[in-house]
Each structure stands twice: as structure tokens, then as C-alpha cells.
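*Asks:* Could you look at this predicted model? Sequence included:
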Amino acid sequence: MGKMVLTSSEIGSLWGEYINGTAAHMVNKYMYSIIEDKAIKALFHTAIKTSEHQKNEISKFFTEEGFPVPIGFNETDLYLGKKRLFSDAFCLNYLHIMSIHGILGHNTALCISVRKDLRSFYDACSKSGTQMYHQTLELLLDKGLFQRDPLYYSYEHPSFISNEDFKNGYFGKGRTLAATEIISLSLNLKKNIMAKTLSIAFSQVAGSKDVRKFLAKSEQTADAQIKALAKILQADNLPVPKSLETEVTTSTDSPFSDKLILFHVGFLFQAAQNYHGAGLASAMRTDLVATYEKTIIENLMVTKNWFEIMVENKWLEQPPLAPNRTEIANQR
């Protein structure tokens, strides 16, 4: 029995991994060029080598299957030698958050893969991402840059939900946040903080007026969502993750193409939908449900605007499509 042909899902996952991976790779290369801290720089060196290897492996899969290798992002989207746009601390936070995105992407791709060589590839990718998550987290902790989630005090006995007030966040006395709800609240806050900070930084350096306008809107959207989620935590006197805006310099020299800038922010808003959806699924309080529903709709509006600008500038690559049987039949 010969090697199995890759399925549409497997081709789709490879295509997404290539596009997203090459975008992050260019950002990592720029950050590597400006970082002064040796320990942080060493992690970025590892990340760059890992993504180069993964890019080459994905290219082989496409070539062997007879599909064109995507364009993605390359050196034409990177302008090295520009003024520093980010602090070392922000770069480390960025690599940590992107490692979380990577783990989710690799594991999802692994779960839809059937062919053994592809499963082995994604298994290796997942292990590399997990290792980077551990390394970035340890370094953030060592440098005092990581804020842990709120702490709860222990109690003696488990208990059961006893009345309807448990799900009430607007009327009646309501209740304090459950530990299961804190998971998504904290993670979504950290990711929104990253999206807001990148929107601010990129708005300073983007060349296109339309791109700058989009970034101003994405920054406002992220800021509003941060305030909405933070308000829920603060109502229970729980700490909110600190902002990262001060880790952006005042530079107006762009280290990236507008295509890369716009794609990257759009990617963050699209990827955030997974986490907002998880938050909605775990929410057991009406105010949380309403907040997540509003957030998801707001992000859909941002990504709609993003799609229009990407298409207008011919920056959005088309993924592999299913064959159009009607069109094929009409060619006869």
C-alpha cells in the first residue's frame, strides 16, 4: 500500500500553519535584532531556528502533493536596522503569548491529521511549542514580569449549586466569580492586552492611511473589551493583568510591511475568537455570557474590515479550494 494522499483538512492545516508561521517568523527575526538581554535573545534564536525547520518541512509536504508552496511572508516584509519599537520585556511577553497560540494550532492540526508522517510532524511541532511555553514562562517569572492569576483561599468541603442565583450577574444578589470562569477571563485579558499593544505600536509605523485607521479601530475595540472584562474582575476585588503600552517606544520607523502588520493584527483577532468561545461555553453568569457574546460580535466586525482591506490590496492569499464540479462540466 502506497503513501496516503493528504486530505483537504490536512492540506488546509498545513496552509494555515505556513501563513501564520512565516508571519510570526518575520516578527521574531526583527525582535531578535533589537533584543539586548542575552537570555531573551537566546530564546528568540531557538524560536527562529524552529520556525525555519517547520517552514521547510511544510514546503516538502506541499511539493510532494503537487500543491504550490504558499507565499506567506518573507524578507521583503522585514526592514531590519530600523529604530527599536519594542522593549525586551515586551518581546518576551510576545513570544510567550505566541507560543500559546502555537500550541493550540499544532494540537488542532494534530487531531485532524491521519497520515503518520504528518502526525509525527505536528507532534514535534507541539513539543517544540510546549517547550517554548515553559522557557518563556520561566524567564518571565525569573525577571518578575509575569503576573499570576488571582488566588483563592481553600475551604473544607465540596458543595452543590442550590439555587438560580448562581447564574445571575445582573439581577438579584448574584455571586462571586467561579474559579472555572477565571480561566478564560484571565487568558482573554492577556491576549486583548497584547492585541491592543501591537495595534498601538503598528499604528505608529504603518504607511497606509487605511491600515492606520484600521489599527486605531482595533486598538479601541481591544481597549473596550479589556475594560469590560476587567470590570468583572474588579467587582470581586480581584487583580487585573497589567498593561504593556509603556513597553512600546515612540519610534515611527516601520520594521514591517503594511501587509505583515495588517495580517498579524487580524490573526490575533481571529485567533481570539477561539478563546472568547471557550469563555462563553464556560460562563455560568448572565453578565459573563452577555460580555462574551458582545466581544465575539465586535471581533467579527473587526475581521470583516480587515478582510476588505486585505482583499483590496491583494494581500490575502487564497487557500486551496474544493473543485468546482459545475465549472469543470461546463468546460466540455
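*Replies:* That came in fine, so what should we check first?
*Asks:* going forward, measure contacts and count neighbours with C-alpha atoms only.
*Replies:* Fine.
*Asks:* Show me the helices in the stretch 1-150 of the chain, by range?
*Replies:* 8-34, 38-65, 88-111, 116-142 (DSSP state H, counting those that start in this stretch).
*Asks:* can you tell me which of the ones you listed comes nearest to Phe73?
*Replies:* helix 8-34 (5.2 Å; CA to CA).
*Asks:* Tell me which of the helices of the stretch 1-150 of the chain sits nearest to Ile297.
*Replies:* So among the helices of the stretch 1-150 of the chain, helix 88-111 is nearest, using CA to CA, at 21.0 Å.
*Asks:* What lies in contact with that closest one?
*Replies:* Contacts to helix 88-111, defined as CA atoms under 8 Å, 6 or more residues apart in numbering, come from residues 10, 13, 17, 28, 31, 35-37, 40, 44, 118-119, 122-123, 125-126, 129-130, 132-133, 136-137, 140, 145, 191, 194, 244, 247-248, 271.
*Asks:* Which of the residues you listed are buried, as a ChimeraX select command?
*Replies:* In ChimeraX, a selection of the buried entries from the contacts of helix 88-111 looks like this (16 or more other CA atoms under 10 Å):
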select :10,13,17,28,31,35,40,44,118,119,122,123,125,126,129,130,132,133,136,137,140,191,194,244,247,248
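*Asks:* Torsion angles phi and psi at Phe256?
*Replies:* Phe256 adopts backbone torsions of phi -130, psi 160, taken as degrees, to the nearest 10.
*Asks:* before we move on, the earlier item: the helices of the stretch 1-150 of the chain: which one's closest to Lys227?
*Replies:* Here helix 88-111 is closest among these (CA to CA), at 19.9 Å.
*Asks:* Just the CA trace of the closest one, in CSV.
*Replies:* Only the C-alpha atoms of helix 88-111 are listed here, as CSV (Å, rounded to 0.1, in the frame of the first residue of the first chain):
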residue,chain,number,x,y,z
ASP,A,88,13.0,43.5,25.6
ALA,A,89,10.2,42.8,28.2
PHE,A,90,7.5,43.2,25.5
CYS,A,91,9.4,40.9,23.2
LEU,A,92,9.5,38.1,25.8
ASN,A,93,5.8,38.6,26.5
TYR,A,94,5.1,38.4,22.8
LEU,A,95,7.0,35.2,22.4
HIS,A,96,5.1,33.7,25.4
ILE,A,97,1.7,34.6,24.0
MET,A,98,2.5,33.4,20.6
SER,A,99,3.7,30.1,22.0
ILE,A,100,0.2,29.6,23.4
HIS,A,101,-1.3,30.3,20.0
GLY,A,102,1.2,27.8,18.5
ILE,A,103,0.3,25.0,20.9
LEU,A,104,-3.4,25.4,20.2
GLY,A,105,-2.8,25.5,16.4
HIS,A,106,-0.4,22.5,16.4
ASN,A,107,-2.7,20.4,18.6
THR,A,108,-5.7,21.2,16.5
ALA,A,109,-3.8,20.2,13.3
LEU,A,110,-2.6,17.0,15.0
CYS,A,111,-6.2,16.0,15.9
